[in-house]
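Enquirer: 3D model of this:
(one chain, ligands or ions: 2)
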Amino acid sequence: MFVKNAWYVAGWSHEIGRTPLERWITGDPVVLYRTEGGRAVALEDRCAHRLAPLSMGKLVGDAIQCGYHGMTFDCDGNCVRLPGQAAIPKAAKVRKYPLVERFGWAWIWMGDPARADAAAIPNFFWLDHPEWKPVGGTIYCKSNYFLLIDNLLDLSHETFLHGSTIGNAAVAEAAVETEADDTAVRVRRRMPNCAPPPLFRKARNFAGNIDRSQVIDFSPPCYAVVDARAVPAGTNDIDNGIEWRVINALVPESEGTTHYFWAVSRHFALDNRELDEIMQKGVVHTFGEDIMMTEAQQKRMARPSADPKHVTIKADAAPIAARKIVSRLVQNEASAAA
Ligand code: FES
Ligand SMILES: [Fe+2]
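Expert: Numbers count the residues shown, from 1 in each chain. Ligands and ions are numbered 1, 2, ... in the order given. Predicted coordinates for the structure are as follows:
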């Protein structure tokens, strides 16, 4: 069960072009393409005739022609051509999804189009602001999206899972503050006077220990942004420190699979190309470890005889609060529909 009345990242803008792109989002098949004028379009990827994927067809001008029997739909989803038949049945249409491009991502609204308000798109300005330098990518993950949200809201795992990049002993031991309301969850962790983890040392030449902090913001349905900072211990010297945002869009493809769109945008050494590469490699390696773990969890949770019982600890406060927010939204949509 997914929240439908929400903006999801459907893809990077640069992925959408004149070749139809199939992407399943919250269990529904979507085809993405660009009109000749350059506008990105999202339609239901299921022909109105015999349900063939439109993404297997081809673009004819701004319309898409089904690759099976040639029924053709304009970018509003209306059938405009039916080979061998002049009268087009009323029902010959496919669903059109609201789609907005912002910050280099294409945002899709999977619910009631009348409720799609572009002002509700999260403000991820770090992705295309001149004072920030992002690296980013997409990872396909064979686990439920909430295992990835759990992962980001409980970063104590960095100590154990990410020792070669961003983990140090301080993360797991640090006291955590969690704040939550009906719409958002925030986790704060301060790690004074700790040893800089390997990726931090590569990004900045810290001579000694650092004061490290993390603020993680969850917003529904599937976003977690990490504000990570480090300064030489005992100083407020951010000019010689690290400040970056890790922007995570955990977009459910199905109950058991996730499109993980990510970016890490830093606020220092913007022109350092070598650092771009170090960051890209370091993050891909780190997230690879996360995916390996959540996919392994998924296998154990999803087997038919699995006992769902598990032990809850203090560090689960934020993941639990986030699940509550999303469950409430899903329930509200279900009762509104009933
Ligand atoms: S399935 Fe698309 S035209 Fe027949
Ligand atoms: Fe991680």
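
Enquirer: quick one: low-confidence ranges for the stretch 151-300 of the chain?
Expert: Regions of the stretch 151-300 of the chain meeting the criterion pLDDT under 70 are absent.

Enquirer: now with 90, please.
Expert: Residues of the stretch 151-300 of the chain that meet the criterion pLDDT under 90 lie in 163-173, 175, 205.

Enquirer: any idea how the protein splits into domains?
Expert: The chain breaks down into these domains under automatic domain parsing: 7-120, 127-333.

Enquirer: can you tell which of the ones you listed is closest to ligand 1?
Expert: domain 7-120 (3.1 Å; CB to the nearest ligand atom). Every C-beta, even on glycine, is put in place using the N, C-alpha and C of the backbone.

Enquirer: ends of that closest one, how far apart?
Expert: Looking at domain 7-120, the gap from its leading to its trailing residue is 8 Å under the measure CA to CA, to the nearest Å.

Enquirer: run the chain-centre distance for that domain.
Expert: On the basis of CA atoms, centre = their mean, to the nearest Å, domain 7-120 is displaced by 21 Å from the centre of the chain it belongs to.

Enquirer: same question, stretch 134-152
Expert: If you compare the mean C-alpha spot of stretch 134-152 with that of the full chain, they lie 7 Å apart, counting by CA atoms, centre = their mean.

Enquirer: which parts of that stretch are buried?
Expert: Buried positions in stretch 134-152, judged by neighbour count with 16 or more other CB atoms under 10 Å: 134-136, 141-152.

Enquirer: which one of those is nearest R39?
Expert: Using CB to CB, G136 is the member of the buried residues of stretch 134-152 that sits closest to R39, with 23.2 Å.

Enquirer: what about that closest one, which helix or strand?
Expert: Secondary structure here is read from DSSP states H and E; on that basis G136 sits in strand 133-141.

Enquirer: chain center to whichever helix or strand comes after that strand: distance?
Expert: As assigned by DSSP H and E, the chain's next helix or strand after strand 133-141 is helix 145-153. In terms of CA atoms, centre = their mean, the centre of helix 145-153 is set 11 Å apart from its chain centre.

Enquirer: swap in stretch 184-203?
Expert: Relative to the chain's own centre, stretch 184-203 is displaced by 22 Å; criterion: CA atoms, centre = their mean.

Enquirer: can you pull out the helices in this protein?
Expert: Under the criterion DSSP state H, the chain contains helices at 145-153, 158-161, 169-173, 198-203, 273-302, 317-337.
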